[in-house]
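Undergrad: Starting from these lines, generate the structure:
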Amino acid sequence: MTDQTPALRLEGIVKTFPGVRALDGVSFSVMPGEVHALMGENGAGKSTLMKVLGGIHQPDSGQIVVGESPVVMRSPLEAKAKGIVFIHQELSLAEELSVAENIYLGELPRKRFGLVDWPRLEAQTNEILGKLKVGFNAKTKVGDLSIANQQMVEIARALTVDAKAVIFDEPTASLTDAEKVVLFDVIADLRAHGVGIIYISHRMEEIFKITDRISVLRDGQYRGTLDTAATDEEEITSLMIGRKLDLTRSARTHELGGVAIEVRGLSCGGLFRDIDFEVRRGEVLGFYGLVGAGRTEIAETLFGLRDPSAGQILLDGEEVRIHSPAEAIARGISLVPEDRKGQGLVLGMNCRDNMTLPQVSDLKAGPFVAEGAEVAIFDQYRDRLDIRTPGWKQMVGNLSGGNQQKIVIGKWLSMHPNVLIVDEPTRGIDVGSKSEIHNLIRDLAAQGYAVIVISSEMPEVLHVSDRIVAMYSGQIMRTFTAEEVTEDNLIQAISGLSGEGAAA
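TA: Coordinates of the predicted model:
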C-alpha cells in the first residue's frame with residue numbers, strides 16, 4: 001500500500017468562519033483499496049472537512065490531490081465528476097421521484113432530441129439494485145420506501161460512477177443488521193476494485209471491523225493516523241477527546257421510590273403483545289432488542305402516539321387512558337424521540353425557543369410570550385445539563401449532536417415529568433458526548449426520575465440500566481437485573497432463545 005499513489009490526499013487544509021477556525025492545517029491520505037476511518041467528536045471538524053472535499057466550502061489554504069493531480073472542487077457535481085462520491089447521513093432524496101430518477105438525478109441517460117432514455121435508465125438502475133440485494137426496483141417511488149431503504153438508494157448513487165474515493169458518513173445509522181451486512185459487502189467490492197473509502201462513524205465496533213487505518217481530528221486539528229490492527233478503543237478515544245473515559249458504572253447509592261409507571265398485558269396490533277413491566281422512581285429500565293422487536297412502538301404507545309389494542313397503563317397505581325401526546329405530557333410522561341432532528345427539534349429555531357416549545361402557551365404575558373421566563377428556563381437547563389452554546393440565540397441546527405440531544409432532554413425536563421422515556425439517547429453522538437449523556441441519565445435517576453432507555457447498543461444499555469428488558473418479535477423474553485445480566489444471556493434473550501422463566 002505504501003508504494004502506491006494515494007487515491008486522495010488532503011494537504012494543509014485550513015478553513016475559517018467568523019470567529020471560528022474550523023480546520024487548522026489538516027492533512028491525511030487515503031490509498032486505493034483502503035477503508036480509512038475519520039473520527040472525532042461532534043464539532044471536531046469532520047463535516048467541514050467533507051464539505052471542503054465536496055466543493056460546498058472552499059478552503060482558505062491547502063490543496064486536494066486526486067491521484068497525482070491537484071484539483072479544485074467548486075460544487076458537489078464537480079467533485080463527483082472528479083471521482084469523489086458522498087454517501088450522506090442526512091438523506092438528500094426527492095421523495096416524489098422514482099428510485100432511478102434519484103440515483104441518476106442530473107445525469108439521466110438521453111437519446112435523440114434530449115429525451116430521457118427510460119428503458120436504459122431502468123436497466124442500469126436495476127443492475128445496481130441487484131448488487132445491493134434490495135427488495136424494490138427502479139420504478140419504486142422513493143417516498144414509499146422505509147428510511148433504511150432510502151439509505152440504500154443513497155448508497156446506490158456511489159455505484160453509478162468510476163469513483164476514485166467514496167465517503168460514507170454514518171452509513172449504518174438507519175440500517176438493520178441484515179442491511180449492514182449488504183453494505184459491508186458493497187464496501188468490500190469497492191475496495192477490491194481499488195476505490196479508496198473514507199468511513200465516518202461513531203460506532204467503534206464497525207471501525208475495528210472494516211477499516212485499515214484511523215485518522216483522528218480534535219478541535220479542527222489533525223491528531224494522527226493509526227493502523228486499526230495496532231490500536232484499540234482506549235487509544236482512539238484518548239486521541240479524540242484528550243482524556244481517558246471511565247466506562248465503569250458506579251453502584252447505585254440512592255434508594256428507589258415507589259412505582260411511577262406500570263404496564264399490564266399491553267398489546268398493540270401486530271407490533272407487540274402481552275407486555276408487563278414497571279419502573280420505580282430513581283430507576284433506569286433499559287429496553288434492548290433487534291430492529292423490529294417493538295421497543296420504540298411501546299414508547300410511542302405510552303406517549304399517546306399509538307392506541308393500545310389491549311392492556312393497562314397505571315401511573316402511581318391509577319389506571320389511565322392516553323390518546324395523544326398532549327394527554328401524556330399532562331400526566332407527566334415525556335419522550336425524547338429516536339430521531340432528534342426530525343422529531344425532537346426545529347433546527348431553524350434558536351435554543352431557547354426549542355427548549356420552551358411544549359410549554360409556550362403557559363409562558364404568556366397577555367397576548368405575548370414572556371421572553372424573560374423563556375430565557376430563565378433556558379439558562380437553568382443550560383447550566384444543569386452543561387449545554388455548550390454561545391447563548392440562547394444560537395440556532396439549534398448549528399450545535400453538535402451531543403448538545404442537540406441535551407436541548408431535547410432539557411425541553412422535557414423543564415416540564416417536570418414523572419416518567420422520562422429516552423429512545424436511542426446517543427445515536428450519531430461521539431464517544432465523549434456519549435459518556436456525558438450516560439452520566440446525565442444516571443444523575444436523573446438519582447434525582448428521583450423514573451427513566452426508560454431504549455437502545456440498540458449493548459454497551460450502552462448495560463452501562464446505564466438497573467434492569468434490562470430483553471425483547472424479541474414484539475414480546476418480552478426476559479427481564480434481567482444488573483447483577484445477573486451478561487452479554488451472552490442478553491444476546492440469547494433478544495434472539496428468542498430464552499424466555500422469562502429461563503435460568504441466567
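Undergrad: Tell me the buried residues in the strand or helix carrying H36?
TA: Per DSSP states H and E: H36 is located in strand 35-39. Neighbour-count burial for strand 35-39, counted by 16 or more other CB atoms under 10 Å, picks out V35, H36, A37, L38, M39. (C-beta placed from N, C-alpha, C; glycine too.)
Undergrad: can you map out the helices along the stretch 301-450 of the chain?
TA: 325-330, 351-356, 371-385, 401-413, 431-446 (DSSP state H, counting those that start in this stretch).
Undergrad: Then the stretch 1-150 of the chain?
TA: Going by DSSP H, counting those that start in this stretch, the stretch 1-150 of the chain shows helices at 46-53, 76-81, 99-103, 118-132, 147-157.
Undergrad: how far away is G106 from E96?
TA: Here G106 is placed at a distance of 16 Å from E96 (CB to CB, to the nearest Å).
Undergrad: neighbour count winner among the two?
TA: Shown here are G106 and E96; by other CB atoms under 10 Å, E96 has more neighbours (10 against 7).
Undergrad: OK, contacts around the more buried one?
TA: K141, V142, G143 (CB atoms under 8 Å, 6 or more residues apart in numbering).
Undergrad: pLDDT wise, what is it at?
TA: With respect to pLDDT, E96 scores 92.
Undergrad: Spell out the residue ranges of the strands in the stretch 251-400 of the chain.
TA: Listed in chain order, the strands of the stretch 251-400 of the chain (DSSP state E, counting those that start in this stretch) span residues 259-268, 272-280, 284-289, 310-315, 318-320, 333-336, 364-365, 368-369.
Undergrad: one step back: and of the buried residues of strand 35-39, the nearest to K15?
TA: Nearest to K15 out of these is L38 (CB to CB; 15.4 Å).
Undergrad: Chain neighbours aside, what residue packs nearest to that closest one?
TA: Nearest residue to L38, sequence neighbours excluded (CB to CB, 6 or more residues apart in numbering): I200, at 5.0 Å.
Undergrad: can you give me the strands in the stretch 101-250 of the chain?
TA: Using DSSP E, counting those that start in this stretch, strands in the stretch 101-250 of the chain cover 165-169, 196-200, 213-218, 221-227.
Undergrad: Residues touching the third one, excluding its own?
TA: By that I understand strand 213-218. 26, 28, 34, 36-41, 44-46, 49, 207, 222-228, 231, 236, 239-242.
Undergrad: for the longest one, same thing?
TA: Outside strand 221-227, the residues within contact range by CB under 8 Å, 6+ apart are 24-28, 45, 212-217, 235-236, 239-240.
Undergrad: try the second one
TA: Taking contacts as CB under 8 Å, 6+ apart, the residues outside strand 196-200 that touch it are 6-8, 30-39, 46, 50, 164-171, 187, 190-191, 206-207, 210-211.
Undergrad: go again using 6 Å as the cut-off
TA: Identification of contacts with strand 196-200 by CB atoms under 6 Å, 6 or more residues apart in numbering yields 7-8, 30, 32, 34-38, 46, 165-169, 187, 211.
Undergrad: orientation of that strand relative to strand 213-218 in degrees?
TA: Counting by axes from the mean of the first three to the mean of the last three CA atoms, to 10 degrees, strand 196-200 points 40 degrees away from the direction of strand 213-218.
Undergrad: What pairs with strand 196-200, parallel or antiparallel?
TA: strand 35-39 (parallel), strand 165-169 (parallel) (DSSP bridges).
Undergrad: same thing with the longest one?
TA: According to DSSP bridges, strand 221-227 has the following sheet partners: strand 213-218 (antiparallel).
Undergrad: How far does stretch 64-75 sit from its chain's centre?
TA: For stretch 64-75, the separation from the chain centroid amounts to 31 Å (computed by CA atoms, centre = their mean, to the nearest Å).
Undergrad: Repeat that for stretch 398-413.
TA: For stretch 398-413, the distance to the chain centre is 13 Å (CA atoms, centre = their mean).
Undergrad: what are the C-alpha coordinates of it, in PDB please?
TA: Extracted in PDB, the C-alpha atoms of stretch 398-413 (Å, rounded to 0.1, in the frame of the first residue of the first chain):
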ATOM      1  CA  ASN A 398     -25.500  24.700  14.400                       C
ATOM      2  CA  LEU A 399     -25.000  22.700  17.600                       C
ATOM      3  CA  SER A 400     -23.100  19.400  17.900                       C
ATOM      4  CA  GLY A 401     -25.100  16.200  18.100                       C
ATOM      5  CA  GLY A 402     -24.500  15.900  21.900                       C
ATOM      6  CA  ASN A 403     -25.600  19.400  22.600                       C
ATOM      7  CA  GLN A 404     -28.700  19.000  20.400                       C
ATOM      8  CA  GLN A 405     -29.600  15.900  22.400                       C
ATOM      9  CA  LYS A 406     -29.200  17.800  25.700                       C
ATOM     10  CA  ILE A 407     -31.600  20.500  24.300                       C
ATOM     11  CA  VAL A 408     -34.200  17.800  23.700                       C
ATOM     12  CA  ILE A 409     -33.700  16.400  27.200                       C
ATOM     13  CA  GLY A 410     -33.800  19.800  28.800                       C
ATOM     14  CA  LYS A 411     -37.000  20.600  26.900                       C
ATOM     15  CA  TRP A 412     -38.800  17.700  28.600                       C
ATOM     16  CA  LEU A 413     -37.100  18.100  32.000                       C
END
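Undergrad: Alright, calling it a day.
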